[in-house]
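A.B. asks: coords please:
(one chain, ligands or ions: 1)
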Amino acid sequence: MMPESFLDSFDFSKDLSLYIHVPFCISKCDYCAFYSVPCLSDDVLDAYTARLVSEIDAVSRRMEGRPFVTAFIGGGNPGCLGPVRLGRIVQAVCANGRPSEFSTEMNPESLYEDYFPLFDGALTRLSMGVQSLDPAALRFLGRNADLDRTRRGLELSQKLKAFSGCDLSYDMITCLGDWHDELSDIKAITSGYPSDHLSVYALTLEEGTPLWRRNPDLPDTDRQYEILKEIWDYLEAKGFEHYEVSNFAMHGFRCEHNCRYWAYRQYMGLGPGAASTAFSEDGRVSRISFRQSASAYVGGGLFEGFDREVLSSKEACEELVLMGMRYKGGLDLSRAEEFSGVSVGRAIDPGFVSTLGGFHLEGGSLVPDDDGLMVADAAASTLLDLLY
Ligand code: SF4
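C.D. replies: Now for the predicted structure:
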């Protein structure tokens, strides 16, 4: 596939969000199946940054002065780049103006005050992968940072917020096993380190990972439900809105970038493991994936090394439904109708909605309440059965 066709797949007259994949980590966590490699030499990190910045520059030129609507630098651990390289990327993203929300992920052990100036007028949000404040859990997960280094990073993140006013989000993992006090871990983060946003994920065993090989005794589905329900109730009592299956925000602090993703809006992914959802001007939806190793990426030319799959309208509808029913923005029924060709308004009557359990109709969308979030995947599959 010719590199130019990457850009030609997008409709630049529509709002565009940008995701950047940084494929470097200090070490590999025992549960992680994401593509990442150890922080390599300065030469590799420089070459990665140079290709990425050139690609962002080329995209910015196509946008004719309009900024990305949102941007998110994820990983991996973007902290492996260091403040100078990350600064070059941030500057390139802001060439046409600052996105309304601009996040970077960062692991606690990688945050230093040298990063703070990037949050003064450019980055608006820090998403920190904390995962636990229980030292036994950090060891169980094979995290790079022990409790001391995790707390040091958290304290710096609080200082960063005081310095820049940026939004703060922390990621936590739960459902580790009977030996672990799941709720106390969540209480430790909310009481010790105030944040605007929390992501709480249930641990899953990913095939091939060290944790999968150890095959620990994890909670079964019923126990998971109990643990998650207890955590969700606790966070709601603390003032967080539960707005997506795994995500909680104080009022006005939903992650706008991820909401656009769940609402199935156009976004571009750059970097070795990044994927894009592109809406071309003729209305077709494409999934474009870079499937390169980090070393192939740094050795390749601009926009080289991607696969593009044009989705059928059924495939696009399935994605729209599966994501829309997992968050409180809801499933836009007119778009489901557009993709499926089925008159959704007629198919979905109040009787059908009540059979889904935990959903309601609101302004042309099918919206989950808290119970609906717990059964979102099953409800999405029931709806798709009705449509197809
Ligand atoms: S830091 Fe994140 S991406 Fe890197 S190995 Fe751990 S979980 Fe995976």
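A.B. asks: in stretch 114-132, what counts as buried?
C.D. replies: 115-116, 118-119, 122-132 (16 or more other Cβ atoms under 10 Å). Heads up, the C-betas are built off the backbone N, CA and C, glycines and all.
A.B. asks: what of stretch 165-178?
C.D. replies: For stretch 165-178, by 16+ other Cβ under 10 Å, it's 166-176.
A.B. asks: ends of that stretch, what's the gap?
C.D. replies: 38 Å (Cα to Cα, to the nearest Å).
A.B. asks: how about stretch 229-245?
C.D. replies: OK, stretch 229-245 end separation, Cα to Cα: 11 Å.
A.B. asks: which outside residues touch it?
C.D. replies: 174, 182-183, 186-187, 190, 198, 200, 248-251, 254, 258, 262, 326-329, 370, 373-374, 376 (Cβ atoms under 8 Å, 6 or more residues apart in numbering).
A.B. asks: which of these are buried? Put it as a PyMOL command.
C.D. replies: This is the PyMOL syntax for the buried subset of the contacts of stretch 229-245, where burial follows 16+ other Cβ under 10 Å:
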select buried, resi 174+182+186+187+190+198+200+248+249+250+254+258+262+326+327+328+329+373+374+376
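A.B. asks: among the contacts of stretch 229-245, which are in helices?
C.D. replies: 182-183, 186-187, 190, 258, 262, 370, 373-374, 376 (DSSP state H).
A.B. asks: any chance of these in CSV, with pLDDT too?
C.D. replies: Shown next, in CSV, are the ones in helices among the contacts of stretch 229-245 (pLDDT from 0 to 100):
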residue, pLDDT
182, 96
183, 98
186, 98
187, 98
190, 98
258, 97
262, 95
370, 88
373, 92
374, 88
376, 93
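A.B. asks: closest one to the ligand out of these, please.
C.D. replies: Using Cβ to the nearest ligand atom, residue 258 comes nearest to the ligand of the ones in helices among the contacts of stretch 229-245, at 16.6 Å.
A.B. asks: need the contact list for the closest one.
C.D. replies: 72, 244, 247.
A.B. asks: equivalent analysis for residue 261, please.
C.D. replies: Counted by Cβ under 8 Å, 6+ apart, residue 261 has contacts 17, 267, 323.
A.B. asks: please list only the buried members of the residues you listed.
C.D. replies: For the contacts of residue 261, buried by 16+ other Cβ under 10 Å: 17, 267, 323.
A.B. asks: so which of these is the closest to the ligand?
C.D. replies: Closest to the ligand, out of all of these and judged by Cβ to the nearest ligand atom, is residue 267, at 19.6 Å.
A.B. asks: can you count the residues close to the closest residue in space to residue 150 that isn't next to it in sequence?
C.D. replies: With sequence-adjacent residues excluded and distances taken as Cβ to Cβ, 6 or more residues apart in numbering, residue 150 is closest to residue 108, at 4.6 Å. Neighbouring residues of residue 108 were enumerated by other Cβ atoms under 10 Å; the total is 24.
A.B. asks: just confirm residue 108 contacts residue 130, I think it does.
C.D. replies: Yes - Residue 108 lies in contact with residue 130 (Cβ atoms under 8 Å); the separation is 6.2 Å.
A.B. asks: buried ones in the least confident helix or strand in the chain by mean pLDDT?
C.D. replies: Taking mean pLDDT, DSSP states H and E as the measure, the helix or strand of the chain with the lowest value is helix 344-347, at a mean of 72. By 16+ other Cβ under 10 Å, the buried positions in helix 344-347 come out as residue 344.
A.B. asks: elements contacting the next helix-or-strand element following it?
C.D. replies: Sequence order places helix 350-356 as the next helix or strand after helix 344-347, per DSSP states H and E. Packing partners of helix 350-356 (3 or more Cβ pairs under 8 Å, 6 or more residues apart in numbering; DSSP states H and E): strand 359-362, helix 376-387.
A.B. asks: can you rerun that using 7 Å?
C.D. replies: strand 359-362 (3 or more Cβ pairs under 7 Å, 6 or more residues apart in numbering; DSSP states H and E).
A.B. asks: residue of the stretch 251-388 of the chain closest to the ligand, please.
C.D. replies: For the stretch 251-388 of the chain, Cβ to the nearest ligand atom, closest residue to the ligand: residue 273, 9.8 Å.
A.B. asks: for the nearest residue to that residue once chain neighbours are set aside, give its distance to residue 213.
C.D. replies: Distance criterion Cβ to Cβ, 6+ apart; nearest residue to residue 273, sequence neighbours excluded, is residue 35 at 4.2 Å. Separation of residue 35 from residue 213 (Cβ to Cβ, to the nearest Å): 19 Å.
A.B. asks: just residue 254 next, same as before
C.D. replies: Taking Cβ to Cβ, one finds residue 254 at 37 Å from residue 213.
A.B. asks: right, is the helix or strand harbouring residue 74 up against the ligand?
C.D. replies: Using DSSP H and E, residue 74 sits in strand 70-75. Yes - using Cβ under 6 Å from any ligand atom, strand 70-75 reaches the ligand at residue 75.
A.B. asks: now that strand - C-alpha only, PDB.
C.D. replies: In PDB, the C-alpha atoms belonging to strand 70-75 read as follows (Å, rounded to 0.1, in the frame of the first residue of the first chain):
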ATOM      1  CA  THR A  70      -8.200  16.000  20.900                       C
ATOM      2  CA  ALA A  71      -4.800  14.300  21.200                       C
ATOM      3  CA  PHE A  72      -3.600  11.400  23.400                       C
ATOM      4  CA  ILE A  73       0.000  10.200  23.700                       C
ATOM      5  CA  GLY A  74      -0.100   6.600  25.000                       C
ATOM      6  CA  GLY A  75       2.000   3.600  25.300                       C
END
